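S.K.: Have a look at this fold, sequence not included:
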């Protein structure tokens, strides 16, 4: 069974850092495009970053440029979202999603989604 499991969320003070993990089982992340999304209360889901099977990275959110990065660890079959200089407006549930053998797609085309992990940025 193909599955994505996010972890690493929590409560952090403004200016702090978190690293979210998206662990895959049942498939190899190297052959998939993996996107990170977030959804804040009362707001639409927003795509943040995507890493293609080729390793090409696309940043969709101007608000996180220079602060968030995406990476992939093939040995651990995991994709990470490193978040630095966190702001209260980064508070959201963060999700990862996967699509086989494709460049970073529009959100509706992703086949597999994780359950999400809560990130709260507050003093």
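M.R.: Thanks, I have the structure now. Keep in mind that this is a model prediction, so the values were computed, not measured.
S.K.: Write down the beta-bridge partners of the residue nearest the centre of the chain, one by one.
M.R.: By C-alpha atoms, centre = their mean, the mean C-alpha position of the chain lies nearest to residue 36, the distance being 2.5 Å. Applying DSSP bridges to residue 36 gives these bridge partners: residue 49, residue 96.
S.K.: Return the residues in contact with it.
M.R.: 20, 22, 47, 48, 49, 50, 70, 79, 81, 94, 95, 96 (C-beta atoms under 8 Å, 6 or more residues apart in numbering). Every C-beta, even on glycine, is put in place using the N, C-alpha and C of the backbone.
S.K.: Show me how to select, in ChimeraX, the buried members of those.
M.R.: To isolate the buried members of these in ChimeraX, using 16 or more other C-beta atoms under 10 Å:
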select :20,22,47,48,49,50,70,79,81,94,95,96
